[in-house]
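In: mind folding the following:
(one chain, ligands or ions: 1)
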Amino acid sequence: LVRKMPGKVTPEVIEELRKIVGDQNILTDKASLSLYSKGAVEWVAAMPDVVVFPENTEQVSKIVRLAYEREIPVIPRGGGSSVTGAVVAIKGGIIIDFRRMNKIIVDIDNGYVIAEPGATILEVNNELKKYGFFFPPDPASERIATVGGALAENSGGMRCAKYGLMKDWVLKLEVVLADGTVTTFGGATYKERAGFNLVGLIIGSEGTLAIITKAWLKIAPIPEATAIIAGFFNDLRSAGKTIFEIRRRGIDPLILEYADKEGIAAANKIKKTSYPEVDGGMVLVGVGGPAKAIDDLAERVVNIMKEFGAYQVYRPKTVAEREEILDIRRIAFTAPGQFYPGFIDMDIVVPLSKIEEALAIVDQVRKKYNVYIAIAGHAGDGNLHPNIGVDPANKDEWERGHKAARELMEAAIKLGGSFTAEHGVGKTREEIFVKQLEERGQLPMLRLMREIKKIFDPKNILNPGKFALEG
Ligand SMILES: Cc1cc2nc3c(=O)[nH]c(=O)nc-3n(C[C@H](O)[C@H](O)[C@H](O)COP(=O)(O)OP(=O)(O)OC[C@H]3O[C@@H](n4cnc5c(N)ncnc54)[C@H](O)[C@@H]3O)c2cc1C
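Out: All right, here's what the predicted structure looks like:
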C-alpha cells in the first residue's frame with residue numbers, strides 16, 4: 001500500500017458530518033473523544049478527531065463517501081470491547097459508533113434474524129428467546145459486544161464447542177464499501193453459492209475491508225433440556241485428559257470450558273464463593289437434548305470425570321447455581337485485569353490432542369517469568385486464554401509479562417495451533433501474525449491479503465494501520 005499522510009478533519013469536514021447525522025449525533029469535544037481513545041486494552045490508545053452516530057445505512061454511506069473524497073480514516077466501532085487495539089483510531093479520523101443502528105427483526109419462518117450492527121449479541125438473544133430460538137455464538141462480552149464488532153472479529157464463545165464461530169451463522173451482509181457504495185453479499189437462504197464467498201471475506205476482517213450495516217444471521221432452537229457439570233481436578237494432566245476424552249468418546253457438548261486454580265481463586269475472591277481451588281482447576285461441561293435423555297447424558301460426563309480422577313464433581317440444579325458456576329468461568333478470564341492495572345490478553349489455540357501439553361506449558365511459563373497468569377478457556381475448541389496481569393508502571397514486570405506472552409504464542413504455533421482463536425490480530429499481534437505465516441509457509445497469504453485490501457480500500461481509509469496490511 002502507498003503510505004500517505006491521512007487527510008485532515010477540518011472544521012469544514014465537521015460541518016459536513018453535522019449535516020449528515022444532525023447536531024445530536026456528533027461528538028467533537030476532547031473529553032468525549034478521549035472516551036473513544038481505547039478498546040478493552042489500556043495500552044493501545046489514540047484520539048479520534050470526531051465521533052458520529054449514524055441512524056441508517058444512507059447516513060453511513062454519506063459519511064464514508066466524504067471520508068473517501070478527503071482520504072480521512074474511518075473506524076467502525078461497536079461496543080469497543082475488542083482486546084487487540086483493533087478499534088483504536090491510531091491515525092486519527094472519524095469513528096462511526098453504531099449504537100443508534102440496533103434494530104432486530106426476527107424471521108422464524110425463514111430461520112434467521114436480521115440485525116443492525118449496533119445491536120448487542122445479548123439483545124439479539126433476548127428477542128429470539130421470545131420465539132424459543134437463540135443465536136449460538138456467545139462472546140462472554142455479549143452484553144457489550146455488538147453484531148458488527150463480533151462479525152468483524154469473527155468472535156466465538158462458550159457455545160462454540162458445539163456451534164462454531166460467527167462465520168458459521170451468517171447468510172448475508174449489507175455493507176458500505178470504501179467509496180460509500182452500498183451493496184449486499186450472500187443471500188437470505190440456507191444455501192447459496194453464486195460467486196466468491198465475500199461474506200466469508202468480510203467476517204474477521206476487523207473493519208479493514210468494508211463496513212457492515214446489516215446482517216442476516218441463522219438461528220437455532222433452544223434445546224429442550226440442558227445440564228451443567230463441573231469437575232474439579234487435583235492435577236493438570238487429569239483435567240487435560242478429561243477435556244480430550246469427552247469429545248473423543250462422542251459426547252457433543254454444548255460447552256466444554258476450563259478455568260485454572262488461579263482463575264477460580266480470583267472468582268472466589270470476587271464473588272465470595274468457595275469452589276475448590278485445586279491444582280488441576282475446573283472442567284465445565286454443558287450438555288443439551290430432549291428432557292428424557294438429559295440425565296443419562298449428564299451421567300456419562302460425570303463418569304468420565306470420575307474415571308480421570310476428579311477430586312469433586314458438581315451438578316448445579318437451579319438456574320442461579322448454574323449461572324454462578326458459569327460466572328466463575330467468566331471471571332477467570334478477566335481476573336488479571338481486576339487485580340492488575342494492565343492486562344495482556346492471550347488467545348492461543350492448539351490441536352485438541354495437545355490441550356494437556358498446552359496447560360503444562362502455561363504453568364512452566366508462569367513460573368519461568370514469575371508472572372500472574374489466570375487461565376480461562378474454551379478448551380473444547382483447543383482455545384485457552386492464559387491472560388497475564390501486569391503493572392505497566394513496573395518496567396521489569398511489564399517486560400516479563402510480554403516475554404511470557406510471546407513464549408506462549410510461539411508455543412501454540414509450535415504445537416500446530418495459532419496465537420489467536422477468536423480475538424484476532426488488530427494492532428497488538430501484527431508481528432506474531434507475520435511470524436506464524438512465515439513458520440507455516442503461508443506468506444503468500446499476506447501478499448494476497450494486502451492485494452485484496454488495495455482492491456476493497458484503494459485509499460487505505462478503512463481502519464488503517466492494523467492487521468499487518470501496511471507491510
Ligand atoms: C471481558 C471480555 C470478554 C470477552 N470474551 C470474548 C469471548 O468469549 N469470545 C470472543 O471471541 N471475544 C471475546 N472478547 C473480545 C470482544 O468482546 C469481541 O471481539 C467482540 O465481539 C467485539 O465486539 P465489539 O462490538 O465490542 O467490537 P469493537 O471492539 O467495537 O470492534 C472490534 C472490531 O470490529 C470492527 N467493527 C465494529 N463494528 C463494525 C462494523 N459495523 N463493520 C465493520 N467492522 C466493524 C472495529 O473497527 C474493530 O476492528 C471479550 C472481551 C472482553 C473485554
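In: taking the stretch 351-471 of the chain, what residue is nearest to the ligand?
Out: When scored by Cβ to the nearest ligand atom, the stretch 351-471 of the chain has Glu422 as its residue closest to the ligand, at 3.5 Å. In short, each C-beta sits where N, CA and C put it, glycine included.
In: the stretch 351-471 of the chain: helices as residue ranges?
Out: Here the stretch 351-471 of the chain has its helices, by DSSP state H, counting those that start in this stretch, at 355-369, 395-414, 430-439, 443-456.
In: does the last one come close to the ligand?
Out: No. Where contact is defined by Cβ under 6 Å from any ligand atom, no part of helix 443-456 touches the ligand; the two come within 11.7 Å at best.
In: C-alpha coordinates for that helix, PDB please?
Out: Listed next in PDB are the C-alpha coordinates belonging to helix 443-456 (Å, rounded to 0.1, in the frame of the first residue of the first chain):
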ATOM      1  CA  LEU A 443       3.500 -15.800   3.400                       C
ATOM      2  CA  PRO A 444       1.600 -15.800   0.100                       C
ATOM      3  CA  MET A 445      -1.500 -15.300   2.200                       C
ATOM      4  CA  LEU A 446      -0.100 -12.000   3.400                       C
ATOM      5  CA  ARG A 447       0.600 -10.800  -0.100                       C
ATOM      6  CA  LEU A 448      -2.900 -11.700  -1.200                       C
ATOM      7  CA  MET A 449      -4.400 -10.000   1.900                       C
ATOM      8  CA  ARG A 450      -2.600  -6.800   1.000                       C
ATOM      9  CA  GLU A 451      -3.700  -7.000  -2.600                       C
ATOM     10  CA  ILE A 452      -7.300  -7.600  -1.500                       C
ATOM     11  CA  LYS A 453      -7.100  -4.600   0.800                       C
ATOM     12  CA  LYS A 454      -6.000  -2.500  -2.100                       C
ATOM     13  CA  ILE A 455      -9.000  -3.600  -4.200                       C
ATOM     14  CA  PHE A 456     -11.500  -3.000  -1.400                       C
END
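In: quick check: angle from that helix to helix 430-439?
Out: 130 degrees (axes from the mean of the first three to the mean of the last three Cα atoms, to 10 degrees).
In: still on that earlier bit, I'd assumed Glu153 was in contact with the residue of the stretch 351-471 of the chain closest to the ligand.
Out: Yes. In this structure Glu422 lies within contact range of Glu153 using Cβ atoms under 8 Å: 7.2 Å.
In: between the two, which has more neighbouring residues?
Out: Taking Glu422 and Glu153 together and counting by other Cβ atoms under 10 Å, Glu153 has the greater number of neighbours (30 against 22).
In: who's the closest spatial neighbour of the more buried one, skipping the chain neighbours?
Out: Closest residue to Glu153 apart from its sequence neighbours, by Cβ to Cβ, 6 or more residues apart in numbering: Gly424 at 5.1 Å.
In: identify the residues contacting the one you found.
Out: 82, 84, 86, 153-154, 204, 206 (Cβ atoms under 8 Å, 6 or more residues apart in numbering).
In: same question, Pro253
Out: For Pro253, the contacting residues are 161-162, 246-247, 285-287, 301, 380, by Cβ under 8 Å, 6+ apart.
In: from the ligand, how far off is the residue positioned nearest the centre of the chain?
Out: Nearest to the centroid of the C-alpha atoms of the chain, with distances taken as Cα atoms, centre = their mean, sits Ser155, at 3.8 Å. Distance from Ser155 to the ligand, counting by Cβ to the nearest ligand atom, to the nearest Å: 3 Å.
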